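Trainee: compute the structure for the input listed below.
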Amino acid sequence: MDEQALLGLNPNADADFRQRALAYFEQLKISQDAWQVCAEALAQSIYSDDHIKFFCFQVLEHQVKFKYSELTEVQQQLIRETLITWLQAQMLNPQPEKTFIRNKAAQVFALLFVTEYLTKWPKFFFDILSVVDLNPRGVDMYLRILMAVDAELVDRDVVHTSEEARRNTLLKDTMREQCIPSLVESWYQILQNYQYNNSELTCQCLEVVGAYVSWIDLSLIANERFINMLLGHMSVEVLREEACDCLFEIVNKGMDPIDKTKLVESLCQVLQSAGLFSIDQEDDVDFLARFSKLVNGMGQALIASWTKLIKNGDMKSAQDSLQAIEAKVALMLQLLIHEDDDISSNIIGFCYDYLHILKQLSALSDQQKANVEAIMLAVMKKLTYDEEYNFENEGEDEAMFVEYRKQLKLLLDRLAQVSPELLLASVRRVFNTTLQNWQTTRFMEVEVAIRLLYMLAEALPVSHGAHFSGDVTKATALQDMMRTLVTSGVSAYQHTSVTLEFFETVVRYEKFFAVEPQHIPTVLMAFLDHRGLRHTSPKVRSRTAYLFSRFVKSLNKQMNPFIEDVLNRIQDLMELSPPENGYQALLSSDDQLFIYETAGVLIVNSEYSAERKQVLMRNLLTPLMEKFKVLLEKLMMAQDEDRQMALADCLNHAVGFASRTSKAFSNKQTVKQCGCSEVYLDCLQTFLPALSCPLQKEVLRSGVRTFLHRMIICLEEEVLPFIPSASEHMLKDCEAKDLQEFIPLINQITAKFKTQVSPFLQQMFMPLLHAIFEVLLLPAEENDQSAALEKQMLRRSYFAFLQTVTGSGMSEVIANQGAENVERVLFTVIQGAVDYPDPIAQKTCFIILSKLVELWGGKDGPVGFADFVYKHIVPACFLAPLKQTFDLADAQTVLALSECAVTLKTIHLKRGPECIQYLQQEYLPSLQVAPEIIQVGVPKRIFGKLFTIINVKGGETDIYKVYLLSSHSKIYSVIAYENRINLS
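Mentor: Numbers count the residues shown, from 1 in each chain. Just a heads-up that it's a prediction; the model follows:
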């Protein structure tokens, strides 16, 4: 081997050596006999370096995985002998191999097993067992090989082809017949031999048992000798975690419900008598987490048995299962309430399913009611934050607690289904007690009290948030709690979690303020002062900006008395912060968007006259326009690129803020009705000059383009005078992304105004197309995926533009471009339909072609178009599905095929019998379709037959059937993929 290249395998080697080693590995993989050198090195222990050994196994792995069938019988035998020789050496070496080498060797063994067990190596496991016997190092490798085999056969994280799945099923069936009893016996011997003197091997063996028990005969494991041994391991500190997992897998195994109940009950009796149910005396949280998972598995297994027995009508056995479940509830509650969240989390599944049972019972016993209340109290307690939670810098532990809270919320929702009255009463009691003394109560208790009120909204669902009407008891309770929340002063609590929960809850129950509007000023002040938008925490300010926007929108009818006061109070929060002032704004630009939207909503939805609305909107937007002009001048003069970028961002924010205010308008409250057209036209005139700025074009154009999209909706035809100039600037020096984002704007204008913009479209049609073609023709590197994707997206945008033009009844825009240009456009559509392996574009192209045939395909269509239909569109309908890239397993391709058939149908509708005649006499014969098939497939009067197109390409034959079906005088084609067969 190349010793120099092997130096690069060392993790400390420099980049050049590592690159050389990688290249050498690739070279050995494609070499015919290099693997033999690696096999010899492993069999004879030539190298002592761990990384070279690992490297040799990698080469062998590649050979077995991808090239094994190319080897001769002798070579295959050599690989088997190499692995067995290496395995024998493990028991004689002074030091065991590193773990990563043993794992890689086990993977190679497993790959060879999958390849050879059914044919050439049926004694695979027996040969390995005869070598390793009970030698500790040999046993270690044997167990690793077993885990690797299990991973190959049943690992659900690995996606297998249907062929691999069938092979794996056959392998498992064969193993069950031929060797599983012997393997199980070997596991028992290993456990018996090593349980007291080698905990590592014992744990490995328990892991193997747990892995295999899911797909082997359970009676081989769930018997007295095995279970007694496993239960014995539950009392050994170093073994009990693995023993727990192994018992969990046994309990989890599918079996008869009555037998399952008996198995679980017998396990529970032994575990209880061993003192394992005394949770409060156990300090080892890692073990308790595994034990909690085991109890959860046992509980869910009993519940599954109960469900099956009820379904089968075996009420007596079902009652026995229910009693067994009830007997575990006390233990479940102990685990649920445990201070360690992992232990608690592991039992939630059992708890949830138990509540589901109670929900199905016609009446609950006193004990069951007590259980429900105990679960409820446990959930309320466990929802509480602990002291260590880091609110300012949330990490992995905090994220895990958030997820755990989501699980608890599901339990709370299920509790509400079982006993909504009890839940409401419990929450009310906790809430009122806590808020009476919130000033002296710890933050986590105050937060959870408000959180519980928040959670009731989903736990006790109503239509359209009508929590304060209907059921008097519930409405009164919620109304009382909300009144307490807003009048208690708890919004002033000095902790971010409480502050945020307060605002989240008042927004969640916004309908309360329609019932008791006198509390609106109190909540508005909380939003606007140091408790909300001016809080010291950026996180609180940011979230409050969003919630404030929602609050105002939901209560627009009740906001009228406060509008001008609120607008004055938020004025400083809406200031544009240019980069040079050094002032750290309270809100980020994203947060300011919500404030501008809120201001717009307040003005537009007010009861003021149109004149007053215009004044308020002008007051809102004029500072933005003035700042914009100043900043644009500064940008034009800026030299430093960082400063240019900062100024451009600021300009973009100004445009975005103005755009966001327009979201307040609706069909009922249009810009015209509110008298605000003039203000937004002024904004347009202010912002459009940014399009001619040569600096930071991408940022500026993006902002102005978005504003134009909004103005087309809001100002309607008043925006039209600005479009030609804006388009001209946006088409200058543009790249693929610019065009891609510009075309939807033109599509919006075309679809909305149709013939009104026909002169403009005719004028800019070819300049736009030239800009598109210029970008598409730019050379790009062969492997530049990003450039290829950009071009694909631009091509789609181009075809979408043509579809909009034709679909808006404006085909004259294309027709008036001159014969040469029209022809060029049509050929690009044909090319898109046939040549590009992009089903989305192909579908669009066939829609365009179908529309053009509908508009121009009759006797009075443009000169030469009928010829174009027969020479290019008809062939496109047949050639596109015959492409190797036309994959009918893809949903988008099926849609493209459908549009292709519609195009053929449209041609026949427009051209009549002439279409059938052309197919019969010219086109189909040109494809070498046999005359008898053509005559059967395309008769003059009777349809419903089929003909077959065969396309031979590189040894692959594609067979498609074209069905011509009739319905009275109409005809339509369905091109159906039949099959692909390999002729070689």
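
Trainee: could you pull out the strands for this structure?
Mentor: Using DSSP state E, the strands of the chain run over residues 946-953, 956-967, 970-982.

Trainee: could you tell me the average pLDDT over the longest one, please?
Mentor: pLDDT averaged over strand 970-982 equals 38, rounded to a whole number.

Trainee: do the second one as well
Mentor: For strand 956-967, the mean per-residue pLDDT is 39.

Trainee: quick one: low-confidence parts of the protein?
Mentor: Within the chain, the stretches with pLDDT under 70 are 1-25, 29, 463-465, 470, 579-583, 929-930, 932-984.

Trainee: what do you get if the cut-off is 50, keeping everything else the same?
Mentor: Scanning the chain for pLDDT under 50 picks out the ranges 8, 937-984.

Trainee: ranges for the helices of the stretch 451-600 of the chain?
Mentor: Per DSSP state H, counting those that start in this stretch, the stretch 451-600 of the chain has helices spanning 472-487, 496-508, 512-515, 520-528, 538-554, 563-570, 589-604. These are given in chain order.

Trainee: turn the ones you listed into CSV, including distance to residue 306.
Mentor: The C-beta positions use only the backbone N, C-alpha and C, and glycine is treated the same way. Shown next, in CSV, are the helices of the stretch 451-600 of the chain (distance: least, C-beta to C-beta, whole Å):
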stretch, distance to residue 306
helix 472-487, 32
helix 496-508, 37
helix 512-515, 42
helix 520-528, 49
helix 538-554, 44
helix 563-570, 58
helix 589-604, 51
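
Trainee: JSON lines for the ones you listed, including mean neighbour count and distance to residue 199?
Mentor: Below are these laid out as JSON lines (neighbours: other C-beta atoms under 10 Å; distance: least, C-beta to C-beta, whole Å):
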{"stretch": "helix 472-487", "mean neighbour count": "17", "distance to residue 199": "55"}
{"stretch": "helix 496-508", "mean neighbour count": "22", "distance to residue 199": "44"}
{"stretch": "helix 512-515", "mean neighbour count": "18", "distance to residue 199": "61"}
{"stretch": "helix 520-528", "mean neighbour count": "19", "distance to residue 199": "60"}
{"stretch": "helix 538-554", "mean neighbour count": "20", "distance to residue 199": "47"}
{"stretch": "helix 563-570", "mean neighbour count": "16", "distance to residue 199": "66"}
{"stretch": "helix 589-604", "mean neighbour count": "22", "distance to residue 199": "55"}
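
Trainee: for residue 756, which of these is the nearest?
Mentor: helix 589-604 (26.5 Å; C-beta to C-beta).

Trainee: residues in contact with that closest one?
Mentor: 533, 541-542, 545-546, 548-549, 552-553, 556, 559, 563, 566-567, 570, 573-574, 585, 587, 613, 616-617, 620, 649, 653, 656-658, 660-666, 669, 674, 676 (C-beta atoms under 8 Å, 6 or more residues apart in numbering).

Trainee: quick check: angle from that helix to helix 538-554?
Mentor: Inter-element angle recorded for helix 589-604 and helix 538-554: 20 degrees (by axes from the mean of the first three to the mean of the last three C-alpha atoms, to 10 degrees).

Trainee: please state the offset of helix 589-604 from the chain centre?
Mentor: Averaging C-alpha positions (C-alpha atoms, centre = their mean, to the nearest Å) puts helix 589-604 31 Å from its chain's average.

Trainee: please apply the same query to stretch 145-157.
Mentor: On C-alpha atoms, centre = their mean, the centre of stretch 145-157 falls 27 Å from that of its chain.

Trainee: ditto for stretch 504-511
Mentor: 29 Å.

Trainee: kindly report the same for stretch 628-645.
Mentor: Counting by C-alpha atoms, centre = their mean, stretch 628-645 comes out at 40 Å from the chain centroid.

Trainee: endpoints of it, how far apart?
Mentor: 15 Å (C-alpha to C-alpha, to the nearest Å).

Trainee: what's near enough to touch residue 684?
Mentor: Residues near residue 684 by C-beta under 8 Å, 6+ apart: 707-708, 711, 715, 719, 722.

Trainee: in a markdown table, list these along with distance to residue 251 and neighbour count.
Mentor: Converted to a markdown table, those look like this (distance: C-beta to C-beta, whole Å; neighbours: other C-beta atoms under 10 Å):
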| residue | distance to residue 251 | neighbour count |
| --- | --- | --- |
| 707 | 63 | 24 |
| 708 | 64 | 26 |
| 711 | 65 | 24 |
| 715 | 68 | 22 |
| 719 | 69 | 22 |
| 722 | 72 | 17 |
